[in-house]
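[1] give the three-dimensional model of this entry:
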Amino acid sequence: MKKVVSVVSMLGAMLLVMLVPEAFAQEGGMGETAKAALAIGSGLGIGIAAGIGALGQGRATAAALSGIARNPGAAPRIQTPMIIGLALIESLVIYALAITFLLQAKI
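    Okay, the predicted model is just below:
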């Protein structure tokens, strides 16, 4: 996991280094490099958000089902917070999708 984080942060730093000269060089609008960076960033952003959200939902569901399997009588007390947690995780992915659409609109 640390390797993935370091690779993603290195890619982000390289993208930032590419954008800084382009941002200061243009007076009127965004240059082609900035547009390409927005497209890449929005694609990577929604991909990472969806992947991490799916992992979180899977882990939450597995933990809830494990708890229900150990104590079937506690199923109603486990199921309701699990569904609320899954809805909150999904809302974060939907926010990432909304941000992606906003970034795509700038291109």
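[2] quick one: buried residues of the longest helix belonging to the chain?
    Within the chain, and with DSSP state H defining each element, the longest helix by residue count is helix 32-70. Neighbour-count burial for helix 32-70 flags 33-34, 36-38, 41-42, 46, 49, 53, 56-57, 60, 64, 67-68 (criterion: 16 or more other CB atoms under 10 Å). All C-beta atoms are positioned from the backbone trio N, CA, C, and that covers glycine.
[3] what helices and strands are in contact with it?
    helix 2-25, helix 75-105 (3 or more CB pairs under 8 Å, 6 or more residues apart in numbering; DSSP states H and E).
[4] distance check, the residue most central in space within the chain against K2.
    Relative to the mean C-alpha position of the chain, the nearest C-alpha, by CA atoms, centre = their mean, is the one of A49, at 1.8 Å. Here A49 is placed at a distance of 20 Å from K2 (CB to CB, to the nearest Å).
[5] still on that earlier bit, which one of the buried residues of helix 32-70 sits closest to P81?
    Minimum distance to P81 across the buried residues of helix 32-70 is 8.2 Å, recorded for A64 (CB to CB).
[6] need the pLDDT of Y95.
    Here the pLDDT value assigned to Y95 is 91.
[7] still on that earlier bit, for the residue nearest to the centre of the chain, give its distance to E32.
    Relative to E32, A49 is positioned 26 Å away (CB to CB).
[8] report the buried residues of stretch 80-87.
    Neighbour-count burial for stretch 80-87 flags M82, G85, L86 (criterion: 16+ other CB under 10 Å).
[9] that should have said stretch 96-107, apologies.
    Judged by neighbour count (16+ other CB under 10 Å), stretch 96-107 contains these buried residues: A96, T100, L103.
[10] make JSON lines out of those residues and add distance to M14.
    Putting those into JSON lines (distance: CB to CB, whole Å) gives the following:
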{"residue": "A96", "distance to M14": "22"}
{"residue": "T100", "distance to M14": "21"}
{"residue": "L103", "distance to M14": "18"}
